[in-house]
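> test case, fold it:
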Amino acid sequence: FFFFFKQKTAYEMLRSLVGSEMCIRDRYMGKMSQAKPQKSLNEAIYNKSDKKRDIRTTNISAARAVADVIRTSLGPRGMDKMIQDSKGEVLITNDGATILKQMSVMHPTAKMLVEISKAQDIEAGDGTTSVVVIAGALLEACETLLEKGIHPTTISEGFELALSKSLEILKSISRPVELSDRESLMQCVATALSSKVVSSNSAHFSKIAVDAVLRIIDPKTATNVDLNDVRIVKKLGGTIDDTELVEGLVFASNKAFSGGPQKVQNAKIALIQFSISAPKTDIQNNIVVKDYTQMDRILKEERKYIAEIVKKITASGANVLLIQKSILREGINELAQHFLSKKGVMIVKDIEREDIEFISKTVNAIPIAHIDQLTPEKLGTAELAQEVFLSDESKVLKITGVPKTANTVTILCRGSNQLVIDEADRSLHDALCVVRSLVKNRGLVPGGGAPEIEICQRLAEWADTLTGVNQMIVRAYAEALEVIPYTLSENAGLNPVNIVTELRNRHAKGGKEVGINVKRGNISESMFNDNVIQPALVTQSALSL
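Numbering: from 1, shown residues only. Got it, this is the predicted structure:
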């Protein structure tokens, strides 16, 4: 009764203060309605935070998916990928940059990994798979750190701190190399080629790549290599062992005119960019011929016009004629070929526009745009120009004995089918890039996951000296680098946990060169002694990108 009375009294007091029961209900509902926006605001804040977390997780997952795709192709025991493009053409390769280039990646973050691989291919030529695998592992570490509440900016700054220390450690474990040490250069190239489809021919390709680069640079003063001075010409047929280095020019698809000379010694080469054929009007006009006399007159004028051009060519002393491919009309007609053949001039037509600069530099010739500009000073020189038969009875045109100042070489790449020859072409490019890396940064580091484990070990020790959240971030960065030896052992069919644990133990005891010898299936005390070495620039670039 007391409770009822008390409630009633309170109700009456409230009613007297407010005025009516309706007002009480309205006031109560009003308070409720004022409380609702506060709840909606809390939900909005929560949803916004949740949305940010979902976006980051989606981006990291997309990038890790790309890394996981090519992770199985890392190392000498990595698997080759068979890719079919939209046209139905099949590509078989082990090169990370080529695999990612052929993939139709839609996610923006995943596309960034494709660009990283391209950048690594341009900078170092090798390590295109490693750089993506490392990026995927670092993103996985980022995801763990984000879940612990660490801000992305703090993680980024911590990673930069770890990177600068990693590059210092990498420099301390690298060995200097001289470009005169041809054997070390060849071993380095052979290591890079060990994971390719053409790995069985790595010794042959290593020799070609090293000789090609040393031919076009001065080993004492060079700090970079222009790979445009090395031209790779693909000729279907034969075997990979038939691939050869030519100090001069090779034309695989451009044959000398059959009616003319097939061999010219002491060649004087004219590189012309005009057509040796009857002139045409600038606009589309028709010439109406009504009788035979007019036709005879046109043929005589055409014959006279071409004979005049041939006379000027022979007067210049040229005995080899390289004619640029013409889009508007044929570069040379049959009458001009007949006249030049009688004068003993070798004719090679349909030279591609992009090859003009290389040819000009090789034979020291100046491209000639008009017949009136053809003078003896603009001719190139070579000791021999001839068509030669290859092992499968096919023919190519070789121009050898070019001036020593040319600093250009040509590699004639052979292969039994298109898949093999394309992969050989890519492998040769990677081999040349490895030698270029040694010219830019003359240092060698052991392979087989040794530098990554050493950096991981010493970064972890250094992290103990740091304070605050940076200690956790640097330690996460160090652990992420273990993905390289882990993946190498996993792809080789070894136990990755046991291998990585043993590597940690050996490196903790001071074994800086201890790594995984995949071919033997065990841990090697010195990768340098096993000739498993790589340029320091490859690892440096993979970490920096």
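
> ok, Ser195 touching Asn94?
Yes: at 5.6 Å, Ser195 counts as touching Asn94 under the criterion of Cβ atoms under 8 Å. Bear in mind the C-beta positions are built from the backbone N, C-alpha and C, glycine included.

> now do the shared contacts for these two.
Jointly contacting Ser195 and Asn94 under the rule Cβ atoms under 8 Å, 6 or more residues apart in numbering are 73, 78.

> where does the chain dip in pLDDT?
For the chain, the stretches flagged by pLDDT under 70 are 1-52, 281-284, 328.

> can you do 80?
The chain contains residues with pLDDT under 80 at 1-54, 86, 254-259, 279-287, 327-330.

> sec struct for the most centrally placed residue in it, please.
With distances taken as Cα atoms, centre = their mean, Asp121 lies nearest the centre of the chain, 3.1 Å away. With DSSP: H, G, I helix; E, B strand; the rest coil as the basis, the three-state label of Asp121 is helix.

> what sits against it?
97, 128, 433.

> need the contact list for the last one.
Under the criterion of Cβ under 8 Å, 6+ apart, the contact list for Cys433 reads 121, 124-126, 227.

> and these, which two are furthest apart?
Asp126 and Leu227 (13.7 Å; Cβ to Cβ).

> neighbour count winner among these two?
Asp126 (31 against 17; other Cβ atoms under 10 Å).

> so that one touches Leu537, yeah?
No: with contact defined as Cβ under 8 Å, Asp126 does not reach Leu537; the gap is 9.1 Å.

> overlap in contacts of those two?
Taking Cβ under 8 Å, 6+ apart as the criterion, Asp126 and Leu537 both touch Ser437.

> distance of Phe389 from Ala278?
36 Å (Cβ to Cβ, to the nearest Å).

> neighbour count winner among the two?
When Phe389 and Ala278 are compared for neighbours, Ala278 comes out ahead with 17 against 9, by other Cβ under 10 Å.

> look at Asn286 and say how many residues are nearby.
5.

> list phi and psi for it.
phi -110, psi 140 (degrees, to the nearest 10).

> relative to Lys312, which of the contacts of Cys433 is nearest.
Of all those, Lys312 sits closest to Leu227, with 37.7 Å by Cβ to Cβ.

> grab the nearest non-local neighbour of the closest one.
Once flanking residues are discounted, Leu227 sits nearest to Leu432: 5.6 Å by Cβ to Cβ, 6 or more residues apart in numbering.

> quick one: that neighbour and Ala212 touch, right?
Yes: if you go by Cβ under 8 Å, Leu432 and Ala212 touch, sitting 6.5 Å apart.

> what is in contact with the two at once?
Residues within reach of Leu432 and of Ala212 at once, by Cβ under 8 Å, 6+ apart, are Val230.

> between those two, which one's more packed in?
The neighbour comparison of Leu432 against Ala212 (other Cβ under 10 Å) goes to Ala212, with 26 against 23.

> tally of neighbours for Leu374?
Per other Cβ under 10 Å, the neighbour tally for Leu374 reads 21.

> what sits against it?
270, 272, 312-313, 316, 318, 368 are the contacts of Leu374 under Cβ under 8 Å, 6+ apart.
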